[in-house]
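Undergrad: Give the three-dimensional model of this entry:
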Amino acid sequence: MRNRLALLPLLLSLACAAAPGESAETQAEAPPLNADPVLAELGEPIYGSYCASCHGADARGVGPAAHSLTTPPADLRRIAARRGGTFPDAEIARMIDGRFDIEAHGTREMPVWGSVFSSDIPDGDTAESITRGKLAVLIEYLKSIQDAPGGEQPEETRQTMASIFEAMRFLLPLSLDADRFEDPAEDEKIRNALELLDASSGVLERHGAGGEVGFSHLSRSLAIDARDVRLRFADGHRREARYLIQTMTETCVACHSRLPADSVARSDAFVQSNESSSLTLMEQAKLAYATRQFDVATEMYERLLASDEVSANDLDLGGHIEDYLELSIRVLRDLSRPAEVLEGFTQRDDLSPALREDIARWIAALRTLASREPTGDPLNDASALIDAASHQEDARVHLIEYLEASGILHRALASGALADSQRADAYYLLGAIEARIGRTYWLSQAEAYLETAIRLAPGQPTAQRAYALLDEFLVAGYSGSGGTHVPPDIRAKLDLLRFIAEGT
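TA: Modelled structure (predicted):
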């Protein structure tokens, strides 16, 4: 090791030649995992000196200073696993550097290492060479410690999900009983469950940080809500805490509805537990969906649609019909069954004329899509569906097409087979769909998808389209009867993204 350190200046200069730059060309392809062992060994002490205090000596995101940060540090061993086995050298180097992206972070907690690495070197050219060299060997070290992609989740993540499950298993049913939730005798149990939920959600956020865009965004939303509900309960705001616990199921549903189903036995225990037996059928259906017990949720939604236990208007206003369609189309990938179920639903005599018209349109679309043959090009298939739907002012009319298109795009991204330019197109299309049919503005993933499209295709038409839509979407969110008031940090972020989109 000592002999290699003696060669550090030469090795750094060689590393600089391969260090990621800021041009669009260098960001086009993520190279395969192929760390240089010599450079990786040089990068290890740099990691230990600058990164380990927050990300941990093992790079899992739990260093001694991690607890003091607002945003939990990422698990740096899963960068490649989250990207289908490739390591995006240029993207990670730019993120660590920080000199070019700092405005986008607002209150960036990670130091701007691009400035720190050479802060004591007066000569500008030499300083830049040293900075780029340190970045290059640090990147090689990070590549050398990556988990194998495509495997099962780390045991820590499985345990984290189990802890979230246990906390929500107690809290969700209790939050629907105001008397019990506000009973002082329950305080200690509620407080312990909220602390477990907060801590576990923070770990899940670290696992998601820097990974697949949808999961990263939603795991962060869950962690923010878990922290917020714990603090509100501690401050005595019981009613607000109850409401937040109930709305957290929307985050779970939004995450679990992105990709096809798989079996999760613990969720079945959740739905069948004593705690959930007092819930209404609508509440049980939402709970089953949120906990990935998809077959149970489907059966419950179909019972609701077939009976007059709940009025058609309440089912519609509560979003339960759309939840059922999302579950059937995007998760179960079944277009025929929901068409038959909706046919039966139309036999009820409590449908309003407007709802009856929507249902008829959805049945026709389901049958058309069920007989449609894919072309083998997921981006073209999704684009065709979106183009056919986008001429309608009311996105709800073409809900089926949007759900099918988003399912196609999520599966294509999860396959890992798309090049960066194709991924940019896919994220742009997902952002466009989310902006039209997103569950709520506060949970919308449109911003995350559109920003990703911009960063994947700097200076390209896709980035420019994504920026135009993002600007429109965010400005609309801060507009009202009192005018438009975009916060300074949001405006600064938009300015930076415009700069990236234009490639200037």
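Undergrad: next SSE after the lowest-mean-pLDDT helix or strand in the chain?
TA: Ranking every helix and strand in the chain by mean pLDDT, DSSP states H and E puts helix 102-105 at the bottom, with a mean of 40. Toward the C-terminus, helix 102-105 is succeeded by helix 113-116 as the next helix or strand (DSSP states H and E).
Undergrad: Please enumerate the helices of the stretch 401-504 of the chain.
TA: 420-437, 446-456, 461-477, 488-502 (DSSP state H, counting those that start in this stretch).
Undergrad: will you turn those helices into a markdown table that also has mean pLDDT and mean neighbour count?
TA: All C-beta atoms are positioned from the backbone trio N, CA, C, and that covers glycine. Output for those, formatted as a markdown table (pLDDT from 0 to 100; neighbours: other CB atoms under 10 Å):
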| stretch | mean pLDDT | mean neighbour count |
| --- | --- | --- |
| helix 420-437 | 91 | 23 |
| helix 446-456 | 87 | 24 |
| helix 461-477 | 91 | 18 |
| helix 488-502 | 84 | 16 |
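Undergrad: any chance of those in CSV, plus distance to D183?
TA: CSV is the format used below for these (distance: least, CB to CB, whole Å):
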stretch, distance to D183
helix 420-437, 40
helix 446-456, 39
helix 461-477, 38
helix 488-502, 41
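Undergrad: closest to L39 out of these?
TA: helix 420-437 (24.1 Å; CB to CB).
Undergrad: Wasn't H391 part of a strand?
TA: No: H391 is assigned coil when assessed by DSSP: H, G, I helix; E, B strand; the rest coil, not a strand.
Undergrad: Neighbours of it, how many?
TA: 7 (other CB atoms under 10 Å).
Undergrad: what's the answer for the one 3 residues further on, then?
TA: As a burial measure, the neighbour count of D394 was computed by other CB under 10 Å and equals 9.
Undergrad: about what we covered before: mind checking which of the helices of the stretch 401-504 of the chain is nearest L222?
TA: Per CB to CB, nearest to L222 of these: helix 446-456, 13.9 Å.
Undergrad: Format the CA atom coordinates belonging to the closest one as PDB.
TA: This file holds the C-alpha atoms of helix 446-456, laid out as PDB (Å, rounded to 0.1, in the frame of the first residue of the first chain):
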ATOM      1  CA  ALA A 446     -44.600  13.800 -11.300                       C
ATOM      2  CA  GLU A 447     -41.900  16.100 -10.100                       C
ATOM      3  CA  ALA A 448     -39.500  13.200  -9.400                       C
ATOM      4  CA  TYR A 449     -40.100  11.600 -12.800                       C
ATOM      5  CA  LEU A 450     -39.800  14.800 -14.800                       C
ATOM      6  CA  GLU A 451     -36.600  15.900 -13.000                       C
ATOM      7  CA  THR A 452     -35.000  12.500 -13.700                       C
ATOM      8  CA  ALA A 453     -35.900  12.800 -17.400                       C
ATOM      9  CA  ILE A 454     -34.200  16.200 -17.500                       C
ATOM     10  CA  ARG A 455     -31.000  14.900 -15.800                       C
ATOM     11  CA  LEU A 456     -30.800  11.800 -18.000                       C
END
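Undergrad: List of residues touching that helix?
TA: Contacts to helix 446-456, defined as CB atoms under 8 Å, 6 or more residues apart in numbering, come from residues 27, 91, 213-214, 216-217, 420-421, 423-425, 427-428, 430-432, 434-435, 438, 462-463, 466-467, 469-470, 473-474, 497, 500-501.
Undergrad: and stretch 50-63, what's its mean pLDDT?
TA: In this model, stretch 50-63 carries a mean pLDDT of 86.
Undergrad: err, stretch 189-198, not the other one
TA: 91.
Undergrad: okay, V271: pLDDT?
TA: So V271 comes in at 47 (pLDDT).
Undergrad: List the buried residues for the host helix or strand of G344?
TA: If you go by DSSP H and E, G344 is part of helix 336-345. For helix 336-345, burial by neighbour count (16 or more other CB atoms under 10 Å) applies to P338, A339, V341, L342, F345.
Undergrad: contact partners of it?
TA: 302, 305-306, 312, 324-325, 328-329, 351, 359, 362-363, 366-367, 370.
Undergrad: at 10 Å instead, please
TA: 298, 301-302, 304-306, 312, 315, 321, 324-325, 327-329, 332, 351, 355-356, 358-360, 362-371, 400 (CB atoms under 10 Å, 6 or more residues apart in numbering).
Undergrad: then that helix to PDB, C-alphas only?
TA: Written as PDB, here are the backbone C-alpha positions of helix 336-345 (Å, rounded to 0.1, in the frame of the first residue of the first chain):
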ATOM      1  CA  SER A 336     -60.800  -8.900 -19.000                       C
ATOM      2  CA  ARG A 337     -61.900  -9.400 -15.400                       C
ATOM      3  CA  PRO A 338     -62.500  -5.800 -14.500                       C
ATOM      4  CA  ALA A 339     -64.600  -5.300 -17.700                       C
ATOM      5  CA  GLU A 340     -66.900  -8.000 -16.500                       C
ATOM      6  CA  VAL A 341     -67.100  -6.600 -13.000                       C
ATOM      7  CA  LEU A 342     -67.900  -3.100 -14.300                       C
ATOM      8  CA  GLU A 343     -70.600  -4.600 -16.500                       C
ATOM      9  CA  GLY A 344     -72.200  -6.000 -13.300                       C
ATOM     10  CA  PHE A 345     -71.700  -2.600 -11.600                       C
END
